[in-house]
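Q: Sequence first, predicted model second:
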Amino acid sequence: MKINESIKNPVGLGVDKTVTAKLGSANNKNAQATQVGTKSAENVTLSPLSAQMKSLEEKVAASSVFDAGKVDAIKSAIANGQFKVDSEKVADGLINSVKDFLSTQK
């Protein structure tokens, strides 16, 4: 059975550390001058695509990843001893996951 990690970790907007490191070292003299007492005014303009990505991120964060009713039904079936595991289905899912893993390794 495959578990999609992207569901657990919603897409975040971050800054690439290598880019900030390069910018920091290249602008080291400017940063020192700013620290001395002069304040620089920098403007950042984001594209409409970034606003769309932000709204999609909020929608993903707000949506539920699982059906709570189904989870409760499975919990009660386990507690009552009525939950049956289909070993063939589990084995098929495991085999398919291994096949997918091996095909991505090539």
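A: Alright, I've got the coordinates.
Q: Which element, helix or strand, includes Ile78?
A: Under the criterion of DSSP states H and E, Ile78 resides in helix 68-80.
Q: Give the next helix or strand downstream of that helix.
A: Sequence-wise, the next helix or strand downstream of helix 68-80 (DSSP H and E) is helix 87-105.
Q: what bits of the protein have low per-residue confidence?
A: Low-confidence segments of the chain (pLDDT under 70): 1-39.
Q: let's see it at 80
A: 1-40, 64-65, 106 (pLDDT under 80).
Q: ok so, going back, which outside residues touch the helix holding Ile78?
A: Phe83 (CB atoms under 8 Å, 6 or more residues apart in numbering). C-beta coordinates here come from the backbone N, C-alpha and C atoms, glycine included.
Q: buried ones in that helix?
A: Going by neighbour count (16 or more other CB atoms under 10 Å), nothing in helix 68-80 comes out as buried.
Q: Same check on stretch 42-59?
A: By neighbour count with 16+ other CB under 10 Å, stretch 42-59 contains no buried residues.
Q: Equivalent analysis for stretch 95-106, please.
A: So, applying 16+ other CB under 10 Å, stretch 95-106 has no buried residues.
Q: Output that stretch as CSV, restricted to C-alpha atoms.
A: Output of stretch 95-106 as CSV, limited to C-alpha atoms (Å, rounded to 0.1, in the frame of the first residue of the first chain):
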residue,chain,number,x,y,z
ILE,A,95,3.9,-6.1,-4.5
ASN,A,96,2.6,-3.1,-6.5
SER,A,97,4.4,-0.7,-4.2
VAL,A,98,7.7,-2.7,-4.6
LYS,A,99,7.2,-2.7,-8.4
ASP,A,100,6.7,1.1,-8.4
PHE,A,101,9.7,1.6,-6.2
LEU,A,102,12.0,-0.5,-8.4
SER,A,103,10.8,1.2,-11.6
THR,A,104,11.6,4.6,-10.2
GLN,A,105,15.1,3.5,-9.2
LYS,A,106,16.2,2.8,-12.8
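Q: Now Asn43: phi and psi?
A: phi -110, psi 140 (degrees, to the nearest 10).
Q: And it, how close does it get to Gly69?
A: Counting by CB to CB, to the nearest Å, the gap from Asn43 to Gly69 is 49 Å.
Q: Understood, closing this out.
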